[in-house]
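Engineer: would you be able to build a 3D model of this:
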Amino acid sequence: MYERSSRMKKDTTFSYVSDEKKILKYLTLGINIPISQEYHKYIIHDLRFFRAQSIVLKYKSHSLGHVLVYDEHEHNPSTLYFGYFGVDQHQTDFIILLLEELVSYGKTHHYKKIKGPINIPTVIYGWGFMEEGSLEDLYAGRPVNPPIYQHIFFNHGFTVVNKEVSWEGPLPVFDPFQLDGYNFQDYEVFHPQSISELMELKPIFQQLHNENMPPGSIITPRINELFENYVDYIIRYGGLDMFFFARHKPSNKIVACGSNLPNPFRKDHNGKQDSFVAFTVVINAEHQNKGLVILLTGVNFLQMRRRNMRYLSGPANNSHEISTHVARKLGLNDLRTHLILELNI
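Structural biologist: Below is the predicted model:
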């Protein structure tokens with residue numbers, strides 16, 4: 001494997017592309033989810049925000065491989081992120097050459113670690129190399145790749161830093177207010193009625209997520225600063241009711257919230273979307289262990305059912321016991337697994 005890679009180097013070159021519109025044409029080398037024109041504005045926003053670059057592998061002038069690189073652009077950033085890593089026909093030798101160039105880039109620019117794949121904007125293109133045995137149908141945020149990618153990365157010293165499971169199945173529908181053993185009279189769940197109302201709720205939405213998300217579950221770098229771009233996408237392809245909040249009536253405080261992502265890649269026989277990603281549910285620490293996960297999940301699913309949704313996928317870190325318990329209780333199965341890798345350099 002390595003001898004053959006060495007011989008091919010003489011005919012292999014790498015180009016670095018920083019123009020966002022030029023980058024768009026290379027992204028399809030690294031992902032199965034469509035890079036359609038209608039998504040270009042969301043992609044370009046994140047490319048500009050992170051000042052991302054494409055590393056393009058060319059063999060005898062043909063573009064055969066691609067990886068996107070970026071960082072958080074803080075003072076002296078330590079982590080190099082990568083995404084959209086792919087090679088035409090998944091050829092082993094070219095995967096190795098592209099990976100070696102990625103590591104070389106990280107060392108040359110004095111990063112301490114390399115982490116990915118994280119495909120910005122993640123609300124459309126997701127993250128991770130897919131484990132063998134996962135479902136391979138087209139779904140938002142669920143890239144597909146053969147296992148040769150992670151095997152080569154492991155051989156080059158990368159290790160798994162996040163293992164994300166997708167819990168999936170037919171949409172469970174239940175009325176949480178009718179369940180025995182729960183009393184939700186002190187809480188009300190609501191959806192924002194306008195974009196301006198959602199923007200007013202933005203600080204509490206972000207605070208609740210920042211303070212209550214499980215460790216390691218926030219994967220997209222600088223996610224708070226991408227809020228408006230992601231909201232624009234979610235509302236256009238989903239709707240305002242993809243966001244939901246719970247208010248504690250006695251204190252009049254918002255103590256929980258959550259969000260869904262649209263899946264514009266699956267439609268029913270009438271051409272309507274019939275699935276979504278149940279993305280987040282977070283609850284203020286003082287109000288946890290009161291069944292609010294069931295309350296928000298139940299109200300959210302009832303609303304999605306009214307919107308023609310019949311199927312869901314929900315990501316969760318495989319070590320998060322609460323998510324696993326709730327998913328199994330709802331009759332969902334872990335049908336896809338994606339690995340985010342890291343290398344200390």
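
Engineer: which element follows the helix or strand bottoming out on mean pLDDT in the chain toward the C-terminus?
Structural biologist: When each helix and strand of the chain is scored by mean pLDDT, DSSP states H and E, helix 2-8 comes last, with a mean of 54. As assigned by DSSP states H and E, the chain's next helix or strand after helix 2-8 is strand 12-17.

Engineer: for the following helix or strand past that next one, name the packing helices and strands.
Structural biologist: Toward the C-terminus, strand 12-17 is succeeded by helix 20-24 as the next helix or strand (DSSP H and E). When contacts are defined as 3 or more Cβ pairs under 8 Å, 6 or more residues apart in numbering; DSSP states H and E, helix 20-24 packs onto helix 40-50, strand 53-59. For glycine as for every other residue, the C-beta is placed from the backbone atoms N, C-alpha and C.

Engineer: just these: most buried one?
Structural biologist: strand 53-59 (a mean of 20; mean count of other Cβ atoms under 10 Å).

Engineer: which strands and helices lie in contact with that one?
Structural biologist: Partner elements for strand 53-59 (3+ Cβ pairs under 8 Å, 6+ apart): strand 12-17, helix 20-24, strand 62-70, helix 92-108.

Engineer: partners of that strand in the sheet?
Structural biologist: Neighbouring strands of strand 53-59 in its sheet, by DSSP bridges, are strand 12-17 (antiparallel), strand 62-70 (antiparallel).

Engineer: a markdown table please, covering these and showing mean pLDDT.
Structural biologist: Formatted as a markdown table, the strands paired with strand 53-59 follow (pLDDT from 0 to 100):
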| stretch | mean pLDDT |
| --- | --- |
| strand 12-17 | 95 |
| strand 62-70 | 96 |
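
Engineer: kindly compare burial across those strands and name the winner.
Structural biologist: Note that of the strands paired with strand 53-59, strand 62-70 is the most buried (mean count of other Cβ under 10 Å), with a mean of 21.

Engineer: dump the strands paired with strand 53-59 to TSV, plus distance to residue 253.
Structural biologist: Converted to TSV, the strands paired with strand 53-59 look like this (distance: least, Cβ to Cβ, whole Å):
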stretch	distance to residue 253
strand 12-17	48
strand 62-70	37
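
Engineer: who wins for proximity to residue 24 among those?
Structural biologist: When the strands paired with strand 53-59 are compared for distance to residue 24 using Cβ to Cβ, the nearest one is strand 12-17, at 10.0 Å.

Engineer: chain neighbours aside, what residue packs nearest to residue 287?
Structural biologist: Leaving aside its chain neighbours, residue 287 sits nearest to residue 255 (4.5 Å; criterion: Cβ to Cβ, 6 or more residues apart in numbering).

Engineer: next: residue 221.
Structural biologist: That would be residue 72: by Cβ to Cβ, 6+ apart, it lies 4.8 Å from residue 221.

Engineer: rewinding a little: quick check: which of the helices and strands packed on helix 20-24 is nearest to residue 278?
Structural biologist: helix 40-50 (20.6 Å).

Engineer: what is the closest one packed up against?
Structural biologist: Helix 40-50 packs on helix 20-24, strand 62-70, helix 122-125, helix 227-237, going by 3+ Cβ pairs under 8 Å, 6+ apart.
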